[in-house]
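In: Compute the structure for the input listed below.
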Amino acid sequence: LDGSNLKAWFRGAQASEVLGLAEQGLKFCQGALKLDPKEPEVLRVQKQLQARLEKDLIAQQEMRQVDTKLKDSRKANASAVESFLQLRGCRLGPVLFDMSMYRMANGGLTPHPKLVGEDPEMT
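Out: Take a look at the predicted model:
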């Protein structure tokens with residue numbers, strides 16, 4: 001990119017706008033405005049890119065809030081299930097995926113989990 005070519009800076013800003021890269025487009029606008037601070041087309045594209053960037057940031061914040069709520073909901077549900085099972089005297093065994101990986105690692109032998117305090121010599 002020729003640093004003294006206003007048209008190149010402007011086209012970079014336009015291309016960034018079309019690709020949805022508002023932050024990058026604003027950098028191109030800044031480069032163009034260093035050469036000609038009053039160029040109306042660059043100022044127009046810069047204004048559009050700033051609006052797009054603000055809109056994108058708001059959308060990202062909203063998505064983060066939704067993700068946080070979902071994560072908290074999942075934790076609460078998992079905790080509720082776990083406490084319910086504990087009240088009934090149940091306990092969960094190993095995850096099936098882990099069991100199958102263990103089986104593959106031991107040459108196809110079926111794993112038999114041992115209880116705490118169980119003597120390995122007696123099995």
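In: ok now stretch 49-58, how far from the chain's centre?
Out: Centre-to-centre, stretch 49-58 and its host chain are 19 Å apart (Cα atoms, centre = their mean, to the nearest Å).
In: Oops, could you answer that again for stretch 75-87 instead?
Out: Distance of stretch 75-87 from its chain centroid, counting by Cα atoms, centre = their mean, is 27 Å.
In: pLDDT averaged over that stretch - what is it?
Out: Here stretch 75-87 scores 87 as its mean pLDDT.
In: got the CA positions of it in CSV?
Out: Taking C-alpha atoms only, stretch 75-87 is exported to CSV below (Å, rounded to 0.1, in the frame of the first residue of the first chain):
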residue,chain,number,x,y,z
LYS,A,75,-24.5,-25.1,36.4
ALA,A,76,-27.7,-24.7,38.4
ASN,A,77,-29.4,-27.6,36.7
ALA,A,78,-26.3,-29.8,37.1
SER,A,79,-26.1,-28.9,40.8
ALA,A,80,-29.8,-29.6,41.3
VAL,A,81,-29.5,-33.0,39.7
GLU,A,82,-26.4,-33.9,41.7
SER,A,83,-28.0,-32.8,45.0
PHE,A,84,-31.2,-34.8,44.1
LEU,A,85,-29.2,-37.9,43.4
GLN,A,86,-27.2,-37.5,46.6
LEU,A,87,-30.4,-37.2,48.6
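In: Can you tell me how far Lys7 is from Gln24?
Out: In this view, Lys7 and Gln24 are 17 Å apart by Cβ to Cβ, to the nearest Å. Bear in mind the C-beta positions are built from the backbone N, C-alpha and C, glycine included.
In: Neighbour count for these two, which is higher?
Out: Remark: of Lys7 and Gln24, Gln24 carries more neighbours, 16 against 10, as counted by other Cβ atoms under 10 Å.
In: Would you mind writing the CA trace of the host helix or strand of the more buried one as CSV?
Out: According to DSSP states H and E, Gln24 maps onto helix 22-35. Provided in CSV are the C-alpha atoms of helix 22-35 (Å, rounded to 0.1, in the frame of the first residue of the first chain):
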residue,chain,number,x,y,z
ALA,A,22,-15.3,-2.2,10.8
GLU,A,23,-12.2,-1.8,13.0
GLN,A,24,-9.9,-2.5,10.1
GLY,A,25,-11.9,-0.1,7.8
LEU,A,26,-11.6,2.7,10.4
LYS,A,27,-7.8,2.3,10.3
PHE,A,28,-7.9,2.7,6.6
CYS,A,29,-10.0,5.8,7.0
GLN,A,30,-7.6,7.2,9.5
GLY,A,31,-4.8,6.7,7.0
ALA,A,32,-6.8,8.4,4.2
LEU,A,33,-7.8,11.3,6.5
LYS,A,34,-4.1,12.0,7.3
LEU,A,35,-3.7,12.8,3.6
